[in-house]
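> pasting the structure only:
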């Protein structure tokens with residue numbers, strides 16, 4: 001499928017999406033010192049905040065919860081460094097990317113090799129209606145939803161309920177689902193080793209901390225941080241693809257480059273949140289060229305300001321995405337359940 005016209009795809013660039021690859025390629029090489037710096041200024045504050053949250057227990061659990069919020073954001077930032085490692089974008093050597101990613105995976109409760117594989121499938125199939133299922137938020141078309149029996153409609157509405165999507169769901173994914181290589185169980189031993197190795201690392205880390213500070217204090221500190229981080233992470237992933245003028249197509253019309261650039265949002269966050277989320281809001285550029293380190297994405301927007309007008313979504317605008325849950329193939333946009341049924 002070629003680049004669509006402005007009438008069917010608003011904010012479309014004059015240059016076809018695929019032609020941006022040559023332009024973006026010059027930003028792909030990581031800066032080793034910068035990568036080490038970003039890792040240090042993320043890990044050190046996270047560990048400091050974790051200790052402060054533990055010390056705050058002697059004052060008030062409420063104070064611990066307050067400290068858990070910034071700690072959760074730093075854990076998200078660690079996850080996004082793990083994310084760049086999975087794309088081979090953080091260090092020059094693959095082994096460095098993989099082992100840093102695996103170690104961080106113990107903190108983020110995410111088996112690195114399992115996640116890397118499922119995430120690569122997500123990148124390769126995002127926006128393809130005929131290849132949904134791995135690494136995505138489940139999204140039905142209006143026609144598919146109407147064809148479901150009543151009980152499955154209820155299940156889909158429950159799945160899409162904000163309390164499930166951003167509360168129960170993230171907790172289940174990171175605490176339960178990630179303990180096994182779901183979706184890749186028959187794909188080889190690597191994924192089982194990844195999941196079990198991460199579980200073992202988590203068990204050792206937890207046992208050591210429980211030994212020194214106690215089981216109760218450990219759970220009161222670590223669980224809130226993990227739950228906050230998991231909800232933030234799922235929210236970010238949600239708004240990066242679940243917005244009104246995203247792109248979905250059947251396989252015969254689907255284009256990787258168009259789906260990457262126009263099916264992903266530019267989530268324009270305030271400066272502090274932009275830093276804490278490692279520029280993941282520049283998601284349209286990331287999907288188009290995933291080998292670019294996150295710390296180079298702002299430079300791309302400065303060099304090519306036209307990219308800031310593509311699928312731009314502000315923090316306030318993003319909350320309107322929550323009810324959108326069905327892809328309307330006729331109007332080519334994501335719609336709410338009430339809007340779909342009204343038609």
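In hand now; what should we look at? Everything numeric in this text was worked out from a predicted model, so none of it was measured.
> residue contacts, residue 69?
Counting by Cβ atoms under 8 Å, 6 or more residues apart in numbering, residue 69 makes contact with residue 228. C-beta: built from backbone N, CA, C; applies to glycine.
> can you give me the neighbour number for residue 282?
Residue 282 has 25 neighbouring residues, counting by other Cβ atoms under 10 Å.
> ugh, wrong one, I meant residue 330
Neighbour count of residue 330, defined by other Cβ under 10 Å: 9.
> nearest residue to it in space, please, no chain neighbours.
When the adjacent residues along the chain are set aside, residue 330 lies closest to residue 142, with 8.0 Å between them (Cβ to Cβ, 6 or more residues apart in numbering).
> okay but the one you found is in contact with residue 327, surely?
Yes: contact between residue 142 and residue 327 holds when scored by Cβ atoms under 8 Å: they sit 7.0 Å apart.
> between these two, what contacts are shared?
residue 335.
> more neighbours, these two?
Higher neighbour count among residue 142 and residue 327: residue 327, with 25 against 19, using other Cβ under 10 Å.
> so which strand or helix has that one?
strand 324-328 (DSSP states H and E).
> which residues are in contact with the residue nearest to residue 330?
Here residue 142 is in contact with 326, 327, 328, 329, 330, 335, 340, 343 (Cβ under 8 Å, 6+ apart).
> give me the buried subset of those.
Buried by 16 or more other Cβ atoms under 10 Å: 326, 327, 328, 335, 340, out of the contacts of residue 142.
> my read: the last one touches residue 327, true?
Which is residue 340. No: in this structure residue 340 lies outside contact range of residue 327 using Cβ under 8 Å: 9.4 Å.
> buried sites along stretch 168-179?
169, 170, 171, 173, 174, 178.
> against residue 107, how distant is the fifth one?
Meaning residue 174. Using Cβ to Cβ, to the nearest Å, residue 174 is found at 11 Å from residue 107.
> so which of the buried residues of stretch 168-179 are in strands?
Judged by DSSP state E, strands contain none of those.
> for those, give me JSON lines that also has distance to residue 122.
What follows is these, written out as JSON lines (distance: Cβ to Cβ, whole Å):
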{"residue": "169", "distance to residue 122": "16"}
{"residue": "170", "distance to residue 122": "17"}
{"residue": "171", "distance to residue 122": "21"}
{"residue": "173", "distance to residue 122": "14"}
{"residue": "174", "distance to residue 122": "17"}
{"residue": "178", "distance to residue 122": "15"}
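> now those in TSV, with distance to residue 249 and pLDDT?
What follows is the buried residues of stretch 168-179, written out as TSV (distance: Cβ to Cβ, whole Å; pLDDT from 0 to 100):
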residue	distance to residue 249	pLDDT
169	26	96
170	28	97
171	33	97
173	27	96
174	31	96
178	30	96
